[in-house]
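Colleague: my questions are about this predicted structure, shown below with the sequence.
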There are 2 protein chains.
Amino acid sequence: MKKKSSATIYDVAHRVGVSLATVSRVVNGNSNVRDSTKQKVLEAIEELGYHPNAVARGLASKKTTTIGVVMPDVTDVYYSELARGIDDVANMYHYDVLLTNTDEDPVRETMAVNNLASKQVDGIIFMGNDLEREVLNTISSANAPVVLAGSVEGEGRLASVNIDYIEAVKEATEAVLKNGHKRVAIVTGPITHAINGLYRLAGYKKALEANQIEYDDTLLFTTHQDYNAGLQVAQKILAAGATAVVTYDDEVAVGIMNYIRDQGKRIPEDFEIITSNDTKLTIMTRPQVTSIGQPKYDIGAVAMRMLTKLMNNEVLDESQVKLPHTLERRGTTIN
Amino acid sequence: MKKKSSATIYDVAHRVGVSLATVSRVVNGNSNVRDSTKQKVLEAIEELGYHPNAVARGLASKKTTTIGVVMPDVTDVYYSELARGIDDVANMYHYDVLLTNTDEDPVRETMAVNNLASKQVDGIIFMGNDLEREVLNTISSANAPVVLAGSVEGEGRLASVNIDYIEAVKEATEAVLKNGHKRVAIVTGPITHAINGLYRLAGYKKALEANQIEYDDTLLFTTHQDYNAGLQVAQKILAAGATAVVTYDDEVAVGIMNYIRDQGKRIPEDFEIITSNDTKLTIMTRPQVTSIGQPKYDIGAVAMRMLTKLMNNEVLDESQVKLPHTLERRGTTIN
DNA sequence: AGACAATTTGCAAACGCTTACAACGTTAAT
DNA sequence: ATTAACGTTGTAAGCGTTTGCAAATTGTCT
């Protein structure tokens, strides 16, 4: 069984004694083909083991049935769940997914988008906190519809799917404020980043304001997004005299929790924690971590569904979608 | 700024006053172009914002610089780390990655491979425990080189990258046997699955044998791959009188651990646990979970590197690669 | 039976690029 | 000067499809 280059549409046509056009029509489910010839073509396809060449098809039709997904890191549970939602819906509509990791590096994001454009993807889903000017330009110059998932962009020119981060963080903060804490720390990502920075802080401040507590920037902490960062920042949080914390990342939350318990404090009695991403991790620790509940899979799924409409030139009922969030009360808060 | 369909190679050629061939040559870094004309072409490309159309290129050259990755689930940390290794190396060699989730369903695996073949990918990396006959046939009929990552196939006809699972489980089992346990339970995936079933059990039996302990199948448990499954199986494990367990999945291990601690038993004093995938999770729990250490990222990276060679028609020094594993002793075992 | 409409089919031009091969212009050696 | 040899550029034939349009076939209605 040598590397026999596979049968082409021509082989099929020749075998049946019809033209390329006819074969193409049956392959594409076009109705204008007599049933009897359709059968013959189908048989020949079967016998020859013919599989349409998607590349040639793409050239001729200018559609690749492929979309591009640009994301920070597949390894990050938060994003991989979005990705799964995207992939499932994409498959449902017979699209394939070209995946790129960027580690939120604007340079790589720009390259990724350009690359996807040159691969002629029919659409792009973009994930990542921040959306730099240059990336944005590249995106809009790419000749394909784009939907942001779990990402925002100030001017609202791009379709997007998110939750109401500000409101969610506000609620989370208030949940803990209600328990009488006066010094609640907030842990965010780089403060310039829209979602993990600005929005978090805004929500936090709103909660303080609603409860007549003055904002104190010694309670604001910025970290990387991993467990060790949590371990490290925990110390500072304690030093700042906080008795509760609202954090943006689950791993960080767990790091904080473990550190604090190691200091002999009890959670939630002595210290309360609320995190934001509600990944599996939050239910696997003891105590389980209270978290804002995000419909992660759905964010991806809805974004992809919107993209299919865009690729189909349909208009969106709503282009800036905000999905509902919840508060999953678990063991790191007193309810 | 309308949807101006982008410049083609023809536009560039026309602008400079050279032929398509020449432009193509400079785009592809072909040396046989006089420096002066090369400069002019480059300028025109810049001015026109020309980006080669990868689809057309693919048709003409029969290379798409795209590989396919077939995996069970992006959401699974174990696989997503392999995927990251693959992606990084792929980028390094300028390949894009077409990603497909299969949930280990043979039907979807077969479809995925066929689909990738029709998209003319230059190569495929396949992940998944079991490799059914039909999937295997599809794979070998696909006209592209294939490398298995974290997957085995009996006859060794396909290149693959793994660790020595049997040996790893044997060592893990012995690590616990050394502490005097007489009844060590083993938790696997579906027993017919090569890696998570057969190999695990084989390693376990080898360890028993080496320690003159008779195999007792009431100590063998099969579960799904998630936290709740761990919670549930833990009860049975205790009922079977086991005092230690070797498990194949980290979430399951954590489930078992939490259940057992809730029963008032101390870990590791009263009960020891060793798991196999060494995901981040294992260090985020208290106690941290002892695990076989697997170079997950590297498995993916090496697989991808091998694939580049295959796609380049180079021969592999070694086609069945086994990467070294370790034993990460942590808090769920007495060391 | 004839005319016309409707249904099926085929033709051939794209799609945007790569790549043998041929053609050209230069240079260098004789 | 002549010619071989080389470096540079152009020509044109694909690559495997889709698709608008024309042609052919079939069916329908007088």
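Modeller: All right, it came through fine.
Colleague: for the residue nearest in space to the middle of chain A, which non-adjacent residue is closest in space?
Modeller: When chain A is reduced to its mean C-alpha position, the nearest residue by Cα atoms, centre = their mean turns out to be A:L82, at 4.0 Å. Nearest residue to A:L82, sequence neighbours excluded (Cβ to Cβ, 6 or more residues apart in numbering or on different chains): A:G300, at 3.8 Å. Yep, even glycine has a C-beta here, placed from its N, CA and C like the rest.
Colleague: chain A: strands as residue ranges?
Modeller: Per DSSP state E, chain A has strands spanning A:66-71, A:96-101, A:123-126, A:146-149, A:159-163, A:184-188, A:220-222, A:244-247, A:272-275, A:290-293, A:320-323, A:326-328. These are given in chain order.
Colleague: minimum distance to B:V97: which of the ones you listed has it?
Modeller: For those, the distance to B:V97 is smallest for strand A:96-101, at 5.3 Å, taking Cβ to Cβ.
Colleague: which strands or helices does the closest one pack on?
Modeller: The elements that strand A:96-101 packs onto, with contact taken as 3 or more Cβ pairs under 8 Å, 6 or more residues apart in numbering or on different chains; DSSP states H and E, are strand A:66-71, helix A:77-92, helix A:106-118, helix B:77-92, strand B:96-101.
Colleague: pairing partners for the first one, with directions?
Modeller: Which is strand A:66-71. strand A:96-101 (parallel), strand A:123-126 (parallel) (DSSP bridges).
Colleague: OK, contacts around A:N53?
Modeller: With contacts taken as Cβ atoms under 8 Å, 6 or more residues apart in numbering or on different chains, A:N53 has the following neighbours: A:T8, B:L59, B:S118, B:Q120.
Colleague: now, these that are in helices?
Modeller: Secondary-structure check on the contacts of A:N53 using DSSP state H: residues within helices are B:L59, B:S118.
Colleague: among the contacts of A:N53, which pair sits farthest apart?
Modeller: B:L59 and B:S118 (13.4 Å).
Colleague: residues contacting the residue in the stretch 201-335 of chain A that DNA strand C sits nearest to?
Modeller: Here the stretch 201-335 of chain A gets closest to DNA strand C at one residue, A:M311, 17.7 Å apart by Cβ to the nearest atom of the strand. A:M311 sits next to A:I67, A:D122, A:G123, A:A144, A:P145 when contact means Cβ under 8 Å, 6+ apart.
Colleague: ok, now how distant is the fourth one from DNA strand C?
Modeller: Computed as Cβ to the nearest atom of the strand, to the nearest Å, the A:A144 to DNA strand C distance reads 14 Å.
Colleague: that residue contacts A:V121, doesn't it?
Modeller: Yes: between A:A144 and A:V121 a contact is recorded at 5.7 Å, counting by Cβ atoms under 8 Å.
Colleague: can you list the residues of chain A near DNA strand C?
Modeller: Chain A comes close to DNA strand C at residues A:17-22, A:25, A:31-34, A:36-38, A:56, A:59-60, A:62, as judged by Cβ under 7 Å from any atom of the strand.
Colleague: out of those residues, which are buried?
Modeller: Buried members of the residues of chain A next to DNA strand C, scored by 16 or more other Cβ atoms under 10 Å in any protein chain shown, are A:V18, A:T22, A:R25, A:V33, A:T37, A:K38, A:A56, A:L59.
Colleague: tell me which two of those sit farthest apart.
Modeller: Using Cβ to Cβ, these reach their maximum pairwise distance at A:T37 and A:L59, which is 26.4 Å.
Colleague: buried deepest among the helices and strands packed on strand A:96-101, which one?
Modeller: The highest average neighbour count among the helices and strands packed on strand A:96-101, using mean count of other Cβ atoms under 10 Å in any protein chain shown, belongs to strand A:66-71 at a mean of 27.
Colleague: poorly predicted segments of the stretch 1-150 of chain A, please.
Modeller: A:1-5 (pLDDT under 70).
Colleague: redo that, cut-off 80
Modeller: Low-confidence segments of the stretch 1-150 of chain A, defined by pLDDT under 80: A:1-5, A:30-31, A:129-130.
Colleague: now the stretch 201-335 of chain A
Modeller: Counting by pLDDT under 80, the stretch 201-335 of chain A contains low-confidence ranges at A:335.
Colleague: closest to B:V77 out of the contacts of A:M311?
Modeller: Checking the contacts of A:M311 against B:V77 with Cβ to Cβ, the nearest one is A:I67 at 24.4 Å.
Colleague: contact partners for that closest one?
Modeller: In this structure, A:I67 makes contact with A:90, A:95-98, A:121-125, A:304, A:307, A:311, judged by Cβ under 8 Å, 6+ apart.
Colleague: farthest-apart pair in the residues you listed, please.
Modeller: In the contacts of A:I67, two members sit farther apart than any others by Cβ to Cβ. They are A:L98 and A:M311, at 14.3 Å.
Colleague: what's the spacing between A:N162 and A:T223?
Modeller: Counting by Cβ to Cβ, to the nearest Å, the separation of A:N162 from A:T223 is 22 Å.
Colleague: one more: A:P145?
Modeller: When Cβ to Cβ is applied, the distance between A:P145 and A:T223 equals 35 Å.
Colleague: now A:R266: how far from A:G230?
Modeller: Counting by Cβ to Cβ, the separation of A:R266 from A:G230 is 18 Å.
Colleague: which of these two has more residues huddled nearby?
Modeller: The residue with the greater number of neighbours, taking A:R266 and A:G230 and applying other Cβ atoms under 10 Å in any protein chain shown, is A:G230; the counts read 30 against 10.
Colleague: do I have it right that that one meets A:T223?
Modeller: Yes: the pair A:G230 and A:T223 passes the contact test of Cβ under 8 Å, sitting 7.2 Å apart.
Colleague: overlap in contacts, these two.
Modeller: Between them, A:G230 and A:T223 share the contacting residues A:D249, A:V252, judged by Cβ under 8 Å, 6+ apart.
Colleague: quick one, what contacts A:D278?
Modeller: With Cβ under 8 Å, 6+ apart, A:D278 has these contacts: A:D250, A:S291, A:I292, A:G293, A:Q294, A:K296, A:E328.
Colleague: around chain B, pick out the residues from the stretch 151-300 of chain A.
Modeller: Contact residues (Cβ under 8 Å from any Cβ of the partner chain) of the stretch 151-300 of chain A with chain B: A:Y227, A:E251, A:V254, A:G255, A:N258, A:R261, A:K280, A:L281, A:I283, A:M284, A:T285, A:R286.
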